[in-house]
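Enquirer: this is the structure alone, sequence omitted:
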């Protein structure tokens, strides 16, 4: 197995994806929420798939056991911690507690117990799907084509109801995981060669175009570009294609921002705690407002820049109050059981 190399920009990219998750769960169907929903999952699955190729030769049984330890243990640990705190603080009745426990074990996206955690069982299955594909298909272009075919088949044949553990969603979003794996090969080749000036200019131009699309999608919605061609109401197929393209757009923009910010060590360190951030979201959004109320203040629902800053504050609370203590004192909650240096404790 290849020696694992850590990329700071990739950790920051995960951090951006988690921030969009926090934002989506706060703003819902608002302008920021819709933008976050169109980008968060693509970013997180892409970043998770970036290291998939390093484990291609690992026996399937050992791979599943490793992923269960690294993903499922944190999922259940943070789910039951959040349940315990919620039951204590809100004095939940027994029937509601039992219902939440059932939802934790079902891990269904449309009936999730704690919003930011549903994608972990989905990611667990997705990584297994892709590992199996890598055993059968060795060439990256064919792997990408197979992943795209699976994603299209699921998307166009199953729009619900959602299945437990994201069984079908793992296939639906598999293309982003595969894109991450293929991008890692391109990135390694880029680092080993000296790209020509015209290629750098081309990529810079594409980046500017992607930020323009990102900006336009935020202000005018996904229907803006089809409307330029006289399409006022998008069909299901066109809507699916637009969703895919906007996810790719979000991935490109997040990667560009992450590459610029990789010189900030604090962001790189924070980005290594993806699991803890996801597990902590429901906890901090329950406890932080209560703490402010106890001090005589209130965190009211806001919009615009105030909401963006509020979500940054929530992530800071999650990092310092939960992620760092868990990493130092309870590493098993993050699926880590061996002794590691502080700077090597990582998430997915």
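Expert: Ah, there it is. These numbers were taken from a predicted model, which means no experiment stands behind them.

Enquirer: all contacts plus neighbour counts: C-alpha atoms, from now on.
Expert: OK.

Enquirer: now the host helix or strand of residue 13: buried residues?
Expert: Following DSSP states H and E, one finds residue 13 within helix 8-27. For helix 8-27, the neighbour count (16 or more other C-alpha atoms under 10 Å) marks 8-27 as buried.

Enquirer: past it, which element shows up next along the chain?
Expert: In N-to-C order, the element after helix 8-27 by DSSP H and E is helix 31-37.

Enquirer: and that next one, what does it pack onto?
Expert: If contacts are counted by 3 or more C-alpha pairs under 8 Å, 6 or more residues apart in numbering; DSSP states H and E, helix 31-37 sits against helix 8-27, helix 197-220.

Enquirer: try 10 Å this time
Expert: helix 8-27, helix 197-220, helix 236-261, helix 304-318 (3 or more C-alpha pairs under 10 Å, 6 or more residues apart in numbering; DSSP states H and E).

Enquirer: quick one, which of these is packed in tightest?
Expert: A comparison of these by mean neighbour count, using mean count of other C-alpha atoms under 10 Å, puts helix 8-27 on top with a mean of 24.

Enquirer: now do it: distance to the chain's middle.
Expert: On the basis of C-alpha atoms, centre = their mean, to the nearest Å, helix 8-27 sits 7 Å off its chain's mean C-alpha point.

Enquirer: okay, the angle between that helix and helix 304-318?
Expert: 120 degrees (axes from the mean of the first three to the mean of the last three C-alpha atoms, to 10 degrees).

Enquirer: and stretch 227-245, average pLDDT?
Expert: For stretch 227-245, mean pLDDT is 88.

Enquirer: endpoint to endpoint, stretch 287-304 covers what distance?
Expert: 23 Å (C-alpha to C-alpha, to the nearest Å).

Enquirer: any idea how far that stretch is from the chain center?
Expert: The mean C-alpha position of stretch 287-304 is separated from the chain mean by 26 Å, C-alpha atoms, centre = their mean.

Enquirer: adjust the sequence numbering to begin at 452 for everything that follows.
Expert: Let's use 452 as the start, then, which means that last one is stretch 738-755.

Enquirer: what average pLDDT does it get?
Expert: Here the average pLDDT along stretch 738-755 is 82.

Enquirer: name the residues that touch it?
Expert: By C-alpha atoms under 10 Å, 6 or more residues apart in numbering, the residues outside stretch 738-755 that reach it are 477-478, 481-483, 536-537, 540, 735, 758-761, 764-765, 768-769.

Enquirer: again, but for stretch 758-773
Expert: In contact with stretch 758-773 (C-alpha under 10 Å, 6+ apart) are residues 466, 469-474, 477-478, 483, 721-722, 724-725, 727-736, 739-740, 750-754, 757, 774-777.

Enquirer: run the chain-centre distance for stretch 618-627.
Expert: Worked out by C-alpha atoms, centre = their mean, stretch 618-627 lies 13 Å from the chain centre.

Enquirer: mind checking how far the residue in the chain sticking out farthest from the centre is from residue 741?
Expert: Most distant residue from the mean C-alpha position of the chain: residue 747, 34.9 Å away (C-alpha atoms, centre = their mean). With distances taken as C-alpha to C-alpha, residue 747 is found 10 Å from residue 741.

Enquirer: near residue 609, how many other residues are there?
Expert: By other C-alpha atoms under 10 Å, 13 other residues sit near residue 609.

Enquirer: then the one 10 residues further on?
Expert: The number of residues packed around residue 619, counting by other C-alpha under 10 Å, is 22.

Enquirer: hang on, isn't it packed against residue 570?
Expert: No: with contact defined as C-alpha atoms under 10 Å, residue 619 does not reach residue 570; the gap is 11.9 Å.

Enquirer: residues shared between the contacts of the two?
Expert: 576-577.

Enquirer: what's the neighbour count on residue 679?
Expert: 9.

Enquirer: repeat for residue 519
Expert: Residue 519 - counted by other C-alpha under 10 Å - has 17 other residues nearby.

Enquirer: could you find the closest non-adjacent residue to it?
Expert: With sequence-adjacent residues excluded and distances taken as C-alpha to C-alpha, 6 or more residues apart in numbering, residue 519 is closest to residue 575, at 7.1 Å.

Enquirer: for the helix or strand that contains the one you found, name the packing helices and strands.
Expert: Using DSSP H and E, residue 575 falls within helix 570-587. Identification of packing neighbours for helix 570-587 by 3+ C-alpha pairs under 10 Å, 6+ apart yields helix 491-500, helix 511-518, helix 524-541, helix 591-608, helix 618-623, helix 625-643, helix 725-745.

Enquirer: ok, and the closest non-adjacent residue to residue 475?
Expert: Closest to residue 475 by C-alpha to C-alpha, 6+ apart is residue 484, at 4.1 Å.

Enquirer: wait, the one you found touches residue 470, no?
Expert: No: with contacts counted by C-alpha under 10 Å, residue 484 stays clear of residue 470, the gap being 11.1 Å.
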